[in-house]
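J.: Provided below are the primary sequence and the corresponding predicted coordinates.
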Amino acid sequence: MNALEKEAVSARVQAAWAVLEQVQDPEIPVISLCDLGVVREVRESGALLEVVLTPTYSGCPATEVIAHDVKTALEAAQLGPVATVLQRAPAWTTDWISAKGKAALREYGIAPPGPVPLADAQPICITRRRQPPVPCPRCESTRTERIAPFGSTPCKALYRCLSCHEPFEHFKPI
């Protein structure tokens, strides 16, 4: 492949990334799939444009919708034939959420996850264990309590702020 062809390939992949930055998560419509860290790679395989997706959970009910939305957006941009590839390893981690994505979650009323230090990494536990306080996304108070281990989706827990008395969801750090 000559230099001119490499530039054209690069331009196509860059155009695909620009389109994907606008594709919102179907369950949290204020964050793009890119900022959520679900879109892992865009690559060309001949004429085919492949988008590698890593779902937030292996059993995430939105996985098919995400793949459909990605394919539809790229096909509408007329970037050629598109395929999505699910890649479950390495497993998605909340560390892949961008700073912009965490800010969008907070503004939407979902407490974003903190970093997951590798030394302290543990599987998600349904039973209570001592965890650092989750700040309220509305008033920023750390006087909060977990009400339920699951929110509207398995990747979130339901909390209540003891200062402003508002309920909110917290994106679980994994």
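T.: Nice, I can see it.
J.: show me what contacts residue 74?
T.: Residue 74 is in contact with 16, 19-20, 49, 51, 82, counting by C-beta atoms under 8 Å, 6 or more residues apart in numbering. All C-beta spots, glycine's among them, are computed from the backbone N, C-alpha and C.
J.: now do it against residue 49, distance only.
T.: Using C-beta to C-beta, to the nearest Å, we find residue 74 at a distance of 6 Å from residue 49.
J.: give the intersection of the neighbour lists for those two.
T.: With C-beta under 8 Å, 6+ apart as the test, residue 74 and residue 49 both reach 16, 82.
J.: on that earlier part again, restricted to helices, list the contacts of residue 74.
T.: If you go by DSSP state H, the contacts of residue 74 have 16, 19-20 in helices.
J.: will you turn the residues you listed into JSON lines that also has distance to residue 172 and neighbour count?
T.: Below are the ones in helices among the contacts of residue 74 laid out as JSON lines (distance: C-beta to C-beta, whole Å; neighbours: other C-beta atoms under 10 Å):
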{"residue": "16", "distance to residue 172": "30", "neighbour count": "24"}
{"residue": "19", "distance to residue 172": "29", "neighbour count": "19"}
{"residue": "20", "distance to residue 172": "24", "neighbour count": "20"}
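J.: reformat these as JSON lines; add pLDDT and distance to residue 173.
T.: Converted to JSON lines, the ones in helices among the contacts of residue 74 look like this (pLDDT from 0 to 100; distance: C-beta to C-beta, whole Å):
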{"residue": "16", "pLDDT": "96", "distance to residue 173": "29"}
{"residue": "19", "pLDDT": "97", "distance to residue 173": "29"}
{"residue": "20", "pLDDT": "97", "distance to residue 173": "24"}
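J.: show me what secondary structure element comes after the helix-or-strand element of the chain with minimal mean pLDDT.
T.: Using mean pLDDT, DSSP states H and E, the weakest-scoring helix or strand in the chain turns out to be helix 3-20, at a mean of 77. Sequence-wise, the next helix or strand downstream of helix 3-20 (DSSP states H and E) is helix 33-36.
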